[in-house]
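Participant: kindly generate the corresponding structure for this input.
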Amino acid sequence: MTQTEFEAVYQAYFNDVFLYIRKLSGNETIAEDITAETFLKALESVDRFRGECQIRVWLCRIARNCYYSYLRKNGKIESLEDHPEPADPADVAAQFRNTDTSLRIYEALHHLTEPYKEVFTLRTLGTLSFRQIGALFGKTENWACVTYHRAKAKIQNQMEDDQ
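Facilitator: Numbers count the residues shown, from 1 in each chain. I've put the predicted structure just below:
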């Protein structure tokens, strides 16, 4: 990607990344810093972008990882519980962002057997694609997708049983 092309990406997606991080952090200054760091990291790793997702999604993943690194580095990981509830409360993966719920999910995840536990973890926490997960296991992308959704259903059922 040329400098001109990257500048176009920056112009096109800066606001999206900034708004995403501002929503996560609730802080405009942090959002500015994380957004700048995101584009720096994106520039450094643009040659590894394979186009498996939209560039906006790729940038937001980088931004999320930068934000979580910021929280860990500054000992503010507990501030995650201040984040708004995910839009779909039935989505177990989204609930990992809520620390109150995440403990219950981790407990349910602990009781899962393999490969469900690892596939769910790789997809949710490792943000790997189904294609990448399938390749790690020597299986198909479809196998990874089915296994992930079965794991998610098992976790949801376990959480419902525990209530």
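Participant: so this protein: which segments form each domain?
Facilitator: By the assignment in automatic domain parsing, the chain contains the domains 3-80, 92-162.
Participant: just give me the lowest mean pLDDT stretch among those.
Facilitator: Least confidently modelled of the domains of the chain is domain 92-162, at a mean of 79 by mean pLDDT.
Participant: and the helices in the protein, which stretches?
Facilitator: 3-25, 28-45, 55-73, 92-95, 99-110, 116-124, 130-137, 141-162 (DSSP state H).
Participant: mean neighbour count added to those, as JSON lines?
Facilitator: For the C-beta atoms, the positions are set from N, CA and C on the backbone; glycine is no exception. Listed next are the helices of the chain as JSON lines, based on neighbours: other Cβ atoms under 10 Å:
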{"stretch": "helix 3-25", "mean neighbour count": "15"}
{"stretch": "helix 28-45", "mean neighbour count": "16"}
{"stretch": "helix 55-73", "mean neighbour count": "17"}
{"stretch": "helix 92-95", "mean neighbour count": "20"}
{"stretch": "helix 99-110", "mean neighbour count": "15"}
{"stretch": "helix 116-124", "mean neighbour count": "21"}
{"stretch": "helix 130-137", "mean neighbour count": "17"}
{"stretch": "helix 141-162", "mean neighbour count": "16"}
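Participant: not counting sequence-adjacent ones, nearest residue to residue 33?
Facilitator: Spatial nearest neighbour of residue 33, chain neighbours left out: residue 70 (7.8 Å); criterion: Cβ to Cβ, 6 or more residues apart in numbering.
Participant: got the CA coordinates for stretch 37-44 in PDB?
Facilitator: Output in PDB follows, covering the C-alpha atoms of stretch 37-44 (Å, rounded to 0.1, in the frame of the first residue of the first chain):
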ATOM      1  CA  GLU A  37      -1.600   4.300  18.000                       C
ATOM      2  CA  THR A  38      -4.000   2.200  16.000                       C
ATOM      3  CA  PHE A  39      -3.100   3.900  12.700                       C
ATOM      4  CA  LEU A  40       0.600   3.700  13.600                       C
ATOM      5  CA  LYS A  41       0.300  -0.100  14.200                       C
ATOM      6  CA  ALA A  42      -1.800  -0.500  11.000                       C
ATOM      7  CA  LEU A  43       0.800   1.300   9.000                       C
ATOM      8  CA  GLU A  44       3.500  -1.000  10.500                       C
END
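Participant: run through who's touching that stretch.
Facilitator: Here stretch 37-44 makes contact (Cβ atoms under 8 Å, 6 or more residues apart in numbering) with 6, 9-10, 14, 17, 21, 49, 58-59, 62-63, 66.
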